[in-house]
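>>> Quick one, fold the following:
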Amino acid sequence: MVWVAVLCAVTAAFFLAFGTQFQSSAVRSSTGGLSVSTQGILKLGTSPRWLLGLFLLVIGMGLNVYALASAPLTVVQPIGAIALVITTIVNAREQDIRINRPTILAITTCMVGSVGFVLLAINVSAENHEITRRQELTTVLFLAIAVAFFGTAVLMFKHRIGAFFYIVGAGVLFGFVAVLVRTIAVALMDPNGKFLGNLAWYVVVAVAVAGLLGTYFVQNAYSSGPPELVIAGLTVIDPMVGIAVGIGILGELRPDVHAAVALAMAVCALIAIVGVVALSRHHPDVLQRQEEAKRRAKAGPLPQDPGATS
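Model prediction:
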């Protein structure tokens with residue numbers, strides 16, 4: 001069963017990578033690098049390329065949900081890092097971009113740190129751990145705090161927020177969502193026959209709200225950064241948050257964990273995050289955007305047509 005879940009997760013990584021690439025190109029051609037508004041998202045619904053990306057993402061997410069329900073989170077989540085490599089190759093060919101050494105190093109750092117963190121987490125996580133209603137409610141409450149924080153930040157500082165913030169926000173939100181989706185899937189597959197009776201309404205609402213806000217963040221990240229950054233953020237921050245929730249809130253940490261292992265996990269997490277930061281600063285697409293912004297700043301505002309005002 002675990003190997004079937006692994007196969008589904010690998011397949012999901014391919015669907016997610018290509019779906020991300022299609023949606024990213026559609027958003028960028030539609031917004032021209034500007035933030036995505038609510039009306040802009042509705043407009044994207046008429047773009048065949050964006051819809052194809054959505055279709056691929058839905059399939060990928062469906063496969064990932066099955067994998068999460070069939071295998072531990074710590075086994076399934078890191079496999080998504082494959083999508084980072086696929087997206088990098090596909091986007092470079094489509095945009096005719098030559099990947100520079102800092103970008104390759106940043107991607108490598110992301111993957112090494114992420115995989116190292118997860119491999120260590122596998123060895124310290126307890127198996128067959130049952131989630132209580134109290135733990136489930138605590139997870140939802142922490143998610144509500146995250147939604148309030150990121151949502152308020154967008155409302156107050158929307159024009160000052162860059163792609164990195166959107167990626168961090170999406171990674172945190174989807175990390176919580178991954179944990180709750182796993183609890184929902186396990187509850188639905190419970191052999192007690194209750195099916196929907198096993199679900200708590202607040203969990204479903206939390207997943208819906210966080211999922212919508214996270215999707216909004218991802219679409220804005222598409223418009224202001226390369227798709228590799230989106231995938232890197234989600235495949236690094238998402239599993240780390242999910243595992244942290246599992247260990248810190250759900251009590252999945254084994255009692256015999258050595259302090260050196262916990263320190264090594266913290267170092268791996270730091271390495272992966274440094275990789276995401278480096279990718280957000282040194283990717284050729286990011287550097288090109290910065291150069292264009294400098295040229296526009298030097299050129300100054302365009303002269304206004306006198307006949308346009310009347």
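>>> check contacts around the spatially most central residue of the chain.
Geometric centre of the chain, nearest residue: Leu234, 2.5 Å, by C-alpha atoms, centre = their mean. By C-beta atoms under 8 Å, 6 or more residues apart in numbering, the contact set of Leu234 is Gly80, Ile167, Ala170, Gly171, Phe174, Val218. Using the backbone N, CA and C atoms, a C-beta is placed for each residue, glycine as well.
>>> helix/strand/coil for the last one?
The reference is to Val218. At Val218, secondary structure determined by DSSP: H, G, I helix; E, B strand; the rest coil is helix.
>>> With the third one instead?
Of the three states, Ala170 takes helix according to three-state DSSP.
>>> Got the confidence number for the residue nearest to it when sequence neighbours are not counted?
Spatial nearest neighbour of Ala170, chain neighbours left out: Phe217 (4.0 Å); criterion: C-beta to C-beta, 6 or more residues apart in numbering. In the predicted model, Phe217 carries a pLDDT score of 88.
>>> Look up how far Leu234 lies from Phe217.
Distance, Phe217 to Leu234, by C-beta to C-beta, to the nearest Å: 10 Å.
>>> Report the set of residues contacting both of these two.
With C-beta under 8 Å, 6+ apart as the test, Phe217 and Leu234 both reach Ile167, Ala170.
>>> Below-threshold pLDDT in the stretch 51-200 of the chain: ranges please.
69, 71-75, 77-78, 125-129, 190-191, 193, 195 (pLDDT under 70).
>>> can you pull the alpha-carbon coordinates of the strand or helix carrying Gly116 into CSV?
For Gly116, the host element (DSSP states H and E) is helix 101-124. C-alpha atoms of helix 101-124 as CSV (Å, rounded to 0.1, in the frame of the first residue of the first chain):
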residue,chain,number,x,y,z
ARG,A,101,24.6,28.7,-11.3
PRO,A,102,23.0,30.5,-8.3
THR,A,103,19.6,29.2,-9.4
ILE,A,104,20.9,25.6,-9.7
LEU,A,105,22.6,25.9,-6.3
ALA,A,106,19.4,27.3,-4.8
ILE,A,107,17.3,24.5,-6.1
THR,A,108,19.8,21.9,-4.9
THR,A,109,19.8,23.5,-1.5
CYS,A,110,16.0,23.5,-1.4
MET,A,111,15.9,19.8,-2.2
VAL,A,112,18.7,18.7,0.1
GLY,A,113,17.4,20.6,3.0
SER,A,114,13.8,19.5,2.5
VAL,A,115,14.6,15.8,1.9
GLY,A,116,17.1,15.8,4.8
PHE,A,117,14.4,17.3,7.1
VAL,A,118,11.8,14.8,6.1
LEU,A,119,14.1,11.8,6.4
LEU,A,120,15.0,12.8,9.9
ALA,A,121,11.3,13.4,10.7
ILE,A,122,10.4,9.9,9.5
ASN,A,123,12.8,8.4,12.1
VAL,A,124,11.3,10.4,15.0
